[in-house]
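Asks: Everything below, folded, please.
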Amino acid sequence: PTFSPTEDKVVFVKISNSPTGVNPETSSIEAINLLDNSDSITTILPFEKIIRNIQFSKDGEHLFYQNDAVSLNIINLDDSSKSSILKLGSGDIQGFSASPDGTQIVYSSNISGNYELYILTISSKEITQITNTSEDEVHPFWN
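Replies: Here you go, the predicted model:
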């Protein structure tokens, strides 16, 4: 779960098992409005592949999420439009974090052999590798 920047919502991933077994697991992004005493849950994004990580943008208008090992996505909370911001051809992603201004993402990937940190500039899709060590760097947090 994660809190919105104004701390009025909690967003979390709900994992569902299919009773038919055709799609064994799907997930959705759900939200609870903490200012509403009804305890109702709102679905923000239904029926995706397993979602691994979610993070609000600093303005609270978007959610960044990872829905498989190789892609990062963004969803606009006003109209539920979504788009992919990164899709790796090989390797996988082990955590990400958005910059305070929401223009960049730092993420960990093993695309070069072991897990290194990279910065993605969202508007240009430019990627810059920022570490190059023999150890794994995973689950970065941009503060």
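
Asks: Show me the shaky parts of this protein.
Replies: Counting by pLDDT under 70, the chain shows low-confidence ranges at 18-25, 47-48.

Asks: The residue nearest the centre of the chain: helix or strand, and which one exactly?
Replies: Centroid check for the chain by C-alpha atoms, centre = their mean gives Tyr65 as the closest residue, at 1.7 Å. Element membership of Tyr65, judged by DSSP states H and E, is strand 62-68.

Asks: who's in contact with that strand?
Replies: 11, 27, 29, 44-45, 48-57, 72-77, 85, 93, 96, 98, 102, 105 (C-beta atoms under 8 Å, 6 or more residues apart in numbering). Glycine gets a C-beta too; all of them are placed from N, C-alpha and C.

Asks: if we can go back for a sec, and the residue nearest to the centre of the chain, what are its bridge partners?
Replies: Ile54, Asn73 (DSSP bridges).

Asks: what's the distance between it and Ser84?
Replies: 11 Å (C-beta to C-beta, to the nearest Å).

Asks: which neighbours do these two share?
Replies: In contact with both Tyr65 and Ser84: Leu72, Asn73, using C-beta under 8 Å, 6+ apart.

Asks: and the closest residue to Thr103 other than its chain neighbours, backbone torsions?
Replies: Nearest non-adjacent residue to Thr103, counting by C-beta to C-beta, 6 or more residues apart in numbering: Ile122, 5.9 Å away. Backbone torsions for Ile122, taken as degrees, to the nearest 10, come to phi -60, psi -50.
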